[in-house]
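Just to be clear, the model below is a prediction. Sequence and coordinates:
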Amino acid sequence: MGQHVVKILEGRLPEDQSARPLLPILSKVIGSAPLSLNEDQINLISKRMVDWLRYASLQQGATPASGGFFNPRGKQPGPITEVDGTVATDFFTVLSVGQNYTEDQWLNMQAFSMLRKWLLCYRSDTTSNPNSDDKSEVDGSLVSMVSVTSTSSRLLSPRERLREKAFEYCQRLLEQSNRRALKKTDGELQKACLVEAITIMDIICQQDSSYVYRSLSCLKNLHGRISGDPSGARLLIPIAQFFLNHSETAAVDSEAVYRHLFTKVPAQLFHNLMLAYEFLQFCRQNVGFFTENLDIFRQSTPNLFKFLAWNSPALTIDYTDLLPALLSPENALEMFHLLLDLPCLTAALDTQLRSFECCRSTCKKTSSGSCGGKSPKRFLIIVWAIGEYASVTHDKRCTAEQINTFFDVLEAMLFEITQLRPSASIPKSSPRVIAVLMTALTKLASRSQDLIPRVCLFLSKMKIFIQSPAVSSIYCAEEAEAILTRATELMNLLKMPSVAQFVLRPSSEDLSHQETHLPLLLAMKMTSQLLEGGTGSVPG
């Protein structure tokens with residue numbers, strides 16, 4: 001069967017025939033009988049895969065004709081776009097978007113789906129040679145540094161060229177993953193393709209160490225981008241596997257990658273069964289390395305047991321294989337108690353998950369889009385608490401990075417409320433909500449003064465917002481004046497950052513919101529009057 005498929009792919013197919021049905025058959029052949037193809041046939045398919053991966057059209061396929069004499073002529077096919085809607089300027093990949101796809105674009109997607117299997121089955125002669133590892137240890141560093149520039153200057157074999165184009169394809173997928181997908185399904189596809197791309201890059205680097213240095217920077221950037229995103233947790237496993245395989249070659253300390261994986265993922269995502277399964281498979285495959293070189297592996301045993309407590313009995317067999325590696329004379333008693341306490345741990349995790357769901361449902365938006373629609377008072381208290389207590393005065397762990405994160409969220413909320421929508425009705429938000437949001441943003445900016453220009457720009461636009469016809473018809477004169485007055489007072493206060501930091505600092509005493517509210521208003525009014533020469537912008 002494999003011989004027949006290759007023979008068909010050797011020549012040019014008639015226009016009414018397609019190679020698409022042949023690729024699944026070829027994938028099945030190389031999985032079940034890889035030795036059925038000879039060297040020339042392997043090289044031929046490698047050349048074809050280069051063409052399929054790299055040279056697909058950037059124009060969408062034509063819309064199929066619906067038939068009928070009086071039907072209007074179909075539109076000319078448009079360009080392929082990226083997941084964020086922009087027109088694609090680089091080569092086509094599986095993440096490129098179109099309404100209809102051409103034959104070569106379908107072949108591109110099919111070739112990527114079988115690329116990993118092909119690279120694993122048909123390595124180059126140099127990588128299959130048992131002495132190649134010794135050679136790479138002798139001159140690996142030198143080869144790795146110079147081969148990036150020398151590769152293009154020499155003639156590549158079909159397999160080497162396929163590796164090069166496959167690596168470029170994976171880099172392109174990493175670049176496309178930085179784009180914000182317009183559709184949820186495209187966002188899920190981004191993550192799935194990233195897992196496959198990182199795995200393929202790992203295989204390529206194992207076959208040719210010169211690609212390791214080209215991979216490290218982009219994978220480090222990707223890890224930094226997704227490490228705080230729970231939805232991208234599956235990507236952490238292939239990234240950790242890559243660093244485990246190649247950190248010694250590149251002389252890179254990857255302990256931070258492992259530490260984040262073993263501490264954060266089990267603690268926060270124990271309820272994700274697919275992630276738990278992949279995590280344990282990763283541990284089982286590398287258990288020898290972990291027990292000998294990684295202290296965090298045994299230290300994270302209580303975290304790993306969260307997977308078992310929540311997903312038992314689905315993972316019982318995996319833990320049975322992993323338990324001897326986790327067990328040592330020093331932690332035998334602790335392990336015994338962990339096993340006895342599994343039912344209690346399951347109950348505790350259930351309580352934790354229920355409380356999280358309750359909090360999340362409380363903070364959900366209503367159908368009208370109002371952030372505090374379900375519980376306005378609770379929403380106001382949360383926003384006020386962020387502005388009041390997100391400070392190093394109350395907690396030494398409250399860094400500038402955390403303040404910036406809070407600021408970004410509150411800024412997005414205020415922008416959503418105050419955004420002018422000429423084509424739609426503007427939802428009315430309470431003036432108190434707007435005032436509390438503005439005050440909280442100003443407090444955060446006084447503690448991280450790089451944020452002051454952003455707040456001032458936002459506050460300066462409040463006058464335009466209030467005076468627009470669409471908004472003036474919603475708020476009465478007193479409400480509009482109250483919003484504008486608060487914006488003016490806060491902006492005047494930020495003109496003197498040191499004064500703002502003093503006035504808006506969190507109270508060191510255990511005072512209620514009502515007790516601290518009045519002094520804050522008096523301080524803002526006094527500052528405004530001083531800046532405006534005593535006339536003041538606050539109505540009496």
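Right, received. Where do you want to start? Residues are numbered from 1 along each chain as shown.

measure Arg225 to Ile239 for me?
11 Å (C-beta to C-beta, to the nearest Å). Just so you know, the C-beta spots here come from the backbone N, C-alpha and C atoms, and that holds for glycine as well.

got the buried residues for the biggest helix by length in the chain?
Longest helix of the chain, by residue count under DSSP state H: helix 184-207. Residues of helix 184-207 classed as buried: 186, 189-191, 193-207 (neighbour count, 16 or more other C-beta atoms under 10 Å).

Ile237: helix or strand, and which one exactly?
If you go by DSSP states H and E, Ile237 is part of helix 233-250.

hmm, back to that, please work out which residues outside the helix or strand just after the longest helix of the chain touch it.
For helix 184-207, the following helix or strand on the C-terminal side (DSSP H and E) is helix 212-226. Helix 212-226 has contacts (C-beta atoms under 8 Å, 6 or more residues apart in numbering) with 144-145, 148, 167, 171, 174, 177-178, 194, 198, 201, 205, 232-233, 235-236, 239, 242-243, 246, 249-250, 252, 257.

could you redo the last one with a cut-off of 6 Å?
Here helix 212-226 makes contact (C-beta atoms under 6 Å, 6 or more residues apart in numbering) with 144, 174, 201, 205, 232, 235, 239, 246, 249-250.

tell me how far that helix is from the chain's mean position?
Distance of helix 212-226 from the chain centroid (C-alpha atoms, centre = their mean, to the nearest Å) equals 13 Å.

Could you pull up the mean pLDDT of it?
Model confidence over helix 212-226, given as mean pLDDT, is 88.

Buried residues in it, which are they?
212-216, 219, 222-223, 226.

can you check stretch 292-311 too?
For stretch 292-311, using 16+ other C-beta under 10 Å, the buried residues are 294, 297-298, 300-301, 303-311.

Out of those, list just those in helices.
Here DSSP H is the test, and the buried residues of stretch 292-311 give 297-298, 301, 303-311 as lying in helices.

can these go into a markdown table with extra columns for distance to Ala440 and pLDDT?
Formatted as a markdown table, these follow (distance: C-beta to C-beta, whole Å; pLDDT from 0 to 100):
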| residue | distance to Ala440 | pLDDT |
| --- | --- | --- |
| Phe297 | 42 | 85 |
| Arg298 | 44 | 84 |
| Thr301 | 41 | 84 |
| Asn303 | 34 | 85 |
| Leu304 | 39 | 87 |
| Phe305 | 40 | 87 |
| Lys306 | 35 | 89 |
| Phe307 | 38 | 87 |
| Leu308 | 42 | 86 |
| Ala309 | 39 | 86 |
| Trp310 | 36 | 88 |
| Asn311 | 40 | 84 |
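
okay, the residues you listed in JSON lines with distance to Val471 next?
Shown next, in JSON lines, are those (distance: C-beta to C-beta, whole Å):
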{"residue": "Phe297", "distance to Val471": "58"}
{"residue": "Arg298", "distance to Val471": "61"}
{"residue": "Thr301", "distance to Val471": "58"}
{"residue": "Asn303", "distance to Val471": "51"}
{"residue": "Leu304", "distance to Val471": "54"}
{"residue": "Phe305", "distance to Val471": "55"}
{"residue": "Lys306", "distance to Val471": "50"}
{"residue": "Phe307", "distance to Val471": "52"}
{"residue": "Leu308", "distance to Val471": "56"}
{"residue": "Ala309", "distance to Val471": "53"}
{"residue": "Trp310", "distance to Val471": "49"}
{"residue": "Asn311", "distance to Val471": "51"}
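
which of these lies closest to Phe279?
When those are compared for distance to Phe279 (C-beta to C-beta), Phe307 wins out at 6.8 Å.

Contacts only, for the closest one.
Under the criterion of C-beta under 6 Å, 6+ apart, the contact list for Phe307 reads 266, 270, 276.

Closest one to Ser46 out of these, please.
Nearest to Ser46 among those, counting by C-beta to C-beta, is Ala276 at 37.4 Å.

so what pLDDT did the closest one get?
So, for Ala276, pLDDT stands at 89.

chain center to the strand or helix carrying it, what's the gap?
In this structure, Ala276 sits in helix 273-285 according to DSSP H and E. Centroid separation for helix 273-285 versus its chain: 20 Å, with C-alpha atoms, centre = their mean.

tell me what it is packed against?
Packed against helix 273-285, as judged by 3 or more C-beta pairs under 6 Å, 6 or more residues apart in numbering; DSSP states H and E, are the following elements: helix 233-250, helix 301-311, helix 316-326.

Nearest to Ile25, out of the ones you listed?
helix 233-250 (28.3 Å).

Any buried residues in the helix or strand that that closest one is followed by, and which?
Once the chain leaves helix 233-250, the next helix or strand it forms, by DSSP H and E, is helix 255-268. Using 16+ other C-beta under 10 Å as the test for burial, helix 255-268 gives 257-258, 260-262, 264-266.

Turn the residues you listed into a markdown table, including distance to Val5.
Compiled in a markdown table, the buried residues of helix 255-268 are given as follows (distance: C-beta to C-beta, whole Å):
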| residue | distance to Val5 |
| --- | --- |
| Val257 | 41 |
| Tyr258 | 43 |
| His260 | 45 |
| Leu261 | 41 |
| Phe262 | 45 |
| Lys264 | 46 |
| Val265 | 42 |
| Pro266 | 45 |
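
is it true that Ser177 touches Val195?
No - using C-beta atoms under 6 Å, Ser177 is not in contact with Val195, being 10.6 Å away.

Okay, the nearest residue to Ile434 once chain neighbours are set aside and Thr439: tell me how far apart.
The shortest distance from Ile434 to any non-neighbouring residue, by C-beta to C-beta, 6 or more residues apart in numbering, is to Ile483 (5.5 Å). Applying C-beta to C-beta, the value for Ile483 to Thr439 is 12 Å.

Same check on Gly224?
Separation of Gly224 from Thr439 (C-beta to C-beta) stands at 33 Å.

now do Tyr122
Noted for Tyr122: a distance of 65 Å to Thr439, by C-beta to C-beta.

okay, these two: which has more neighbours?
Comparing Tyr122 with Thr439 by other C-beta atoms under 10 Å, the one with more neighbours is Thr439, at 22 against 19.

Assign Val409 to helix, strand or coil.
helix (DSSP: H, G, I helix; E, B strand; the rest coil).

Just the pLDDT at it, thanks.
90.

Contacts only, for it.
By C-beta under 6 Å, 6+ apart, Val409 has no neighbours at all.

ditto for Lys183
For Lys183, counting by C-beta under 6 Å, 6+ apart, there are no contacting residues.

Now the phi/psi pair for it, please.
The phi and psi values for Lys183, taken as degrees, to the nearest 10, are phi -110, psi 150.

Name the residues of stretch 323-342 that are buried.
Result for stretch 323-342 [16+ other C-beta under 10 Å]: buried residues 326, 335, 338.

Equivalent analysis for stretch 273-288, please.
Quick answer for stretch 273-288 (16+ other C-beta under 10 Å): 275-276, 278-280, 282-283, 286-287.
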